[in-house]
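> Provided below for reference: sequence and predicted model.
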Amino acid sequence: MTEPTVSLEALRQRIDALDNDILRLISERAACAQQVAEIKAEHEPGGVFYRPEREAQVLRRVMELNKGPLDSEEMARLFREIMSACLALEQPVKVAYLGPEGTFTQQAALKHFGESAISLPMAAIDEVFREVEAGAVNYGVVPVENSTEGVINHTLDSFMDSGLRICGEVVLRIHHHLLVAETTRRDKVSRIYSHPQSFAQCRKWLDAHFPQAERVPVSSNAEAARLVKTEWHSAAIAGDMAAKLYGLSKLAEKIEDRPDNSTRFLIIGNQDVPISGADKTSLVVAMRNQPGALHDLLEPFHRHQIDMTRLETRPSRTGVWNYVFFIDFKGHCEEPRVAAMLEEVQLRAAEVKVLGSYPVGVL
Ligand SMILES: C=C(O[C@@H]1C=C(C(=O)O)C=C[C@H]1O)C(=O)O
């Protein structure tokens with residue numbers, strides 16, 4: 001064996017020296033963030049310190065500058081936590097999410113706000129909206145669409161009645177596992193609990209591996225995990241957070257039918273978010289029931305070359321308008337070309353509500 005050119009001892013000394021630098025620099029950064037908070041408090045007493053557009057810019061810059069060997073997402077995750085801790089020095093962000101604890105929505109909340117945020121589980125999507133409206137929390141996190149199963153109607157319906165704005169989005173890769181209590185054997189599983197969406201996302205796998213087991217739908221994956229904790233003949237389909245929370249073991253990992261299975265979550269709040277440089281806008285549009293209504297609505301998007309990323313139809317609950325469309329597109333409503341397009345849509349529609357312009361999810 002050839003002698004290594006640098007000794008282990010020397011490398012460790014170098015790492016210690018680098019850690020000293022990192023420590024000093026993070027502390028300096030935190031002190032800067034504290035000063036920013038003081039300025040904000042002076043200009044806008046009682047206002048929020050958290051700035052979604054600025055955080056998105058910081059993360060994007062880190063990803064652009066990163067030269068490895070850590071991959072850019074990993075590096076951004078580290079900076080995500082540094083920012084979260086810096087912000088918490090002044091005021092930890094309080095976030096309500098669709099609970100219970102251990103759900104993918106909690107995972108999304110922590111992915112977006114970092115581990116220093118205070119996250120509070122709510123029993124239903126409209127409760128998340130109510131907590132934010134009441135000012136009990138700064139933001140809410142709710143699921144809005146899954147790549148396999150489509151839209152989450154409860155969330156869209158809640159927006160129809162709410163004055164809250166969308167302040168951000170998070171996309172989370174969803175990995176489902178088949179979880180059991182420690183003493184459960186594979187051949188003993190006769191019942192599987194999960195949320196209906198998760199059953200749908202693992203349908204083929206279940207048909208192939210557990211065709212005989214009874215599938216029992218429950219209100220969340222975390223609830224499924226809680227139930228199997230005490231049942232020796234049952235299994236749950238849930239994610240890593242639920243597995244950890246209830247100390248369950250994995251009979252099978254990543255059982256989702258599609259490897260790209262992901263869910264998009266929205267951050268809801270009271271803030272209008274300024275332009276970040278890579279933004280999306282969400283709208284609800286009510287159209288009169290007349291021939292060509294959908295064409296009339298879409299035409300200005302086409303002419304202004306605006307990239308629509310989603311179009312959902314919901315039945316109108318007021319009975320006055322027949323169609324309600326939920327539309328997402330790339331761009332911010334303060335950009336001139338977007339503002340011009342919106343003005344035209346407003347002339348053609350019975351009602352237009354801008355739910356918010358917000359940074360495209362970075363992580
Ligand atoms: C420091 C600021 O406040 C908060 C902390 C940030 C950070 O640590 O980089 C970024 C945005 C804000 O959420 C700021 O607005 O610049």
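Good, I have the coordinates. Residues are numbered from 1 along each chain as shown.

> Could you list which residues are in contact with the residue nearest to C167 when sequence neighbours are not counted?
In space, and not counting its chain neighbours, C167 is closest to G269: 4.3 Å by CB to CB, 6 or more residues apart in numbering. Every residue, glycine included, has its C-beta placed from N, CA and C. Going by CB atoms under 8 Å, 6 or more residues apart in numbering, G269 touches 132, 138-140, 164-165, 167.

> Which ones among those lie within helices?
Residues of the contacts of G269 located in helices (DSSP state H): V132.

> Pull out the CA atoms of the helix or strand hosting S158 and give them to me as CSV.
Under the criterion of DSSP states H and E, S158 resides in helix 153-161. Provided in CSV are the C-alpha atoms of helix 153-161 (Å, rounded to 0.1, in the frame of the first residue of the first chain):
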residue,chain,number,x,y,z
ASN,A,153,-61.0,19.0,-3.8
HIS,A,154,-61.3,20.0,-0.2
THR,A,155,-58.5,22.4,-0.6
LEU,A,156,-59.9,24.0,-3.7
ASP,A,157,-63.3,24.4,-2.1
SER,A,158,-61.8,26.0,1.0
PHE,A,159,-60.3,28.7,-1.3
MET,A,160,-63.7,29.6,-2.7
ASP,A,161,-64.8,30.8,0.8
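
> Would you mind listing the buried residues in it?
Buried residues in helix 153-161, counted by 16 or more other CB atoms under 10 Å: 155-160.

> now swap in stretch 189-201 and tell me
By neighbour count on 16+ other CB under 10 Å, the buried set for stretch 189-201 is 189, 191-195, 197-199, 201.

> Centre of the chain to it, how far?
Using CA atoms, centre = their mean, to the nearest Å, the mean C-alpha position of stretch 189-201 is found 22 Å from that of the whole chain.

> Give me the residues contacting it.
By CB under 8 Å, 6+ apart, the residues outside stretch 189-201 that reach it are 146, 148-149, 152, 174, 176, 178, 180, 202, 206, 210, 212-221, 223-224, 227-228, 231, 233-238, 251, 256-258, 261.

> Please enumerate residues in contact with the helix or strand in which A242 is found?
If you go by DSSP H and E, A242 is part of helix 240-245. Identification of contacts with helix 240-245 by CB under 8 Å, 6+ apart yields 101-104, 106-107, 175, 177, 179, 221-222, 224-225, 236, 248-250.

> Out of those, list just those in strands.
Counting by DSSP state E, the part of the contacts of helix 240-245 found in strands is 177, 179, 236, 249-250.

> Residues of the stretch 101-250 of the chain that sit close to the ligand?
With the criterion set to CB under 6 Å from any ligand atom, the stretch 101-250 of the chain never comes near the ligand.

> can you give me the helices in the stretch 101-250 of the chain?
Using DSSP state H, counting those that start in this stretch, the helices of the stretch 101-250 of the chain run over residues 104-113, 125-133, 153-161, 196-201, 203-209, 221-228, 240-245.

> And these, which one averages the lowest pLDDT?
When the helices of the stretch 101-250 of the chain are ranked by mean pLDDT, helix 153-161 comes last with a mean of 87.

> That one: how far from the chain's middle?
Using CA atoms, centre = their mean, the offset of helix 153-161 from its chain centre is 17 Å.

> if we can go back for a sec, just the buried subset of the contacts of stretch 189-201, written out for PyMOL, thanks.
Those of the contacts of stretch 189-201 that count as buried under 16+ other CB under 10 Å are selected in PyMOL with:
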select buried, resi 146+148+152+174+176+178+180+202+206+210+213+218+220+221+223+224+227+228+231+234+235+236+237+238+251+256+257+261
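
> Before we move on, what's the pLDDT of V6?
pLDDT, V6: 82.

> Next: M83.
So, for M83, pLDDT stands at 96.

> wouldn't it be in contact with F113 here?
No: between M83 and F113 there is no contact under CB atoms under 8 Å: 9.3 Å.

> More neighbours: those two, which one.
Neighbour totals were compared for M83 and F113, and F113 leads with 30 against 22 (other CB atoms under 10 Å).

> so what strands line up beside the helix or strand of the chain with the lowest mean pLDDT?
When the helices and strands of the chain are scored by mean pLDDT, DSSP states H and E, strand 150-151 comes last with a mean of 80. Within its sheet, strand 150-151 is paired with strand 139-146 (antiparallel), according to DSSP bridges.

> Just give me the longest helix of the chain.
The chain, longest helix under DSSP H: helix 8-43.

> Off-centre distance for that one?
Counting by CA atoms, centre = their mean, helix 8-43 comes out at 28 Å from the chain centroid.
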